[in-house]
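Student: Sequence and predicted structure are below.
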Amino acid sequence: MRTEVVGHGGTRLGLRVEGAGNSRPIVFVHGWAQSSGAWAAQLADPALTERFRLVAMDLRGHGASDVPAAGYDDPVVWADDLAAVLDFAGPDAIVVAWSYGGLVLTDHIRVHGTARLRGIVLVGAITEIGRDRPGGRVGSLMREHMRAMLSDDPDIAVPALTAFSRDMVTRPIPGTQAQALLSAALGVPPAVRAALFRRDVGSDDVLAAIDKPALVVHGSQDRVIDSAAAKHTIGKIPGATGRWFLGGGHAPFAEAADEFDAVLRQFAEEC
C-alpha cells in the first residue's frame, strides 16, 4: 500500500506500507539518491510481513515525496520528517537505516531522543558528515564518482550514477531491482543530490547517549561507506552489536536478502 504523511514544513513524504496492521512496526529509511523501493525484498518477505508492520519512507526530495527547495542541511528538518513517519507507524518502532539514512536517524535522536524507538539497525550507514568525521568516512567508489554524480549535466551524471549503482554491490541482485536502484538515483534532482552533502555535523555525543538495542550491519567489501565508519559507530553506541556480511557490498539487504531478513527478524524479535 502507498500512502503519505506530512513532515517538517508541510512537506509530503511518500510511504510504502506492508504487513500486519496491529504488529510492532519496522521503519525503513533509505540512503542518498534512493527511495523506499530499495527495500523491495523486505516488503515482500512473508517472514517479516506476517510478524511486523513494515513502513518504508521516501526521504524529502526522493521517490514519491515532495521536493522542497531548502532544508536539506538542517538536522531539525530530517528529525521532524522521521518523527512524522514514526507517529504514523506506531510506538516502539525498530528503525532500519541505510547509508545516508543513518545520518537521518542520528538527526532524529539528536533532536527527539529515543522515546519512539524500540531498537535501531544501521546498514552500511554514516552517522555524521564532514571532513575528518570518522563516522562518515566514505569508500573509494564514492570518492571516485562523487563529483560527477552531483553534476547537472546528464552526459556527466548519468554514466557516473550508472557505474555507481552497478558497482556498489559485490554480488548479483535481481535485474529488476538493479534497474530500480538506478532509476531511483536518476529520479533525484541534481540540486537535491548535492544539497545532502552540504553539512558538517559530528555525532559522538548522540551515539553515546543511545539507550536502545543497536545492530550495525556492514558489508566487508563495501566501497561506498568505509568499514571504519561502522567500527566507529559500534565503538560509540553502548552495547552495540556488529554483523559483517563477508564479501558483501553496500546493499546486503538486496545482495543477500534471505540472510539479511533472518538477521533483522531475529533482532526485532529479541527487541
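Tutor: Received, thanks.

Student: what distance separates the strand or helix carrying K231 from the centre of its chain?
Tutor: Using DSSP states H and E, K231 sits in helix 227-236. Distance of helix 227-236 from the chain centroid (Cα atoms, centre = their mean, to the nearest Å) equals 16 Å.

Student: can you pull the buried residues of it?
Tutor: By neighbour count on 16 or more other Cβ atoms under 10 Å, the buried set for helix 227-236 is 227, 229-234, 236. Quick note: C-beta positions are derived from backbone N, CA and C, even for glycine.

Student: Quickly run through the sheet partners of the helix or strand just after it, with directions.
Tutor: Later in the chain than helix 227-236, the nearest helix or strand by DSSP H and E is strand 241-245. If you go by DSSP bridges, strand 241-245 pairs up with strand 214-219 (parallel).

Student: Distance to G187 and pLDDT for the buried residues of helix 227-236 - can I get that in JSON lines?
Tutor: Below are these laid out as JSON lines (distance: Cβ to Cβ, whole Å; pLDDT from 0 to 100):
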{"residue": "S227", "distance to G187": "29", "pLDDT": "97"}
{"residue": "A229", "distance to G187": "26", "pLDDT": "98"}
{"residue": "A230", "distance to G187": "28", "pLDDT": "98"}
{"residue": "K231", "distance to G187": "33", "pLDDT": "98"}
{"residue": "H232", "distance to G187": "31", "pLDDT": "98"}
{"residue": "T233", "distance to G187": "29", "pLDDT": "98"}
{"residue": "I234", "distance to G187": "33", "pLDDT": "98"}
{"residue": "K236", "distance to G187": "34", "pLDDT": "98"}
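
Student: From those, pick the one nearest A194.
Tutor: A229 (21.0 Å; Cβ to Cβ).

Student: residues in contact with that closest one?
Tutor: Going by Cβ atoms under 8 Å, 6 or more residues apart in numbering, A229 touches 125-127, 134-138.

Student: For the spatially closest residue to it that is not a sequence neighbour, the count of nearby residues, please.
Tutor: Computed as Cβ to Cβ, 6 or more residues apart in numbering, the closest residue to A229 that is not its neighbour in sequence is R137, at 4.7 Å. Counted by other Cβ atoms under 10 Å, the residues lying close to R137 total 18.
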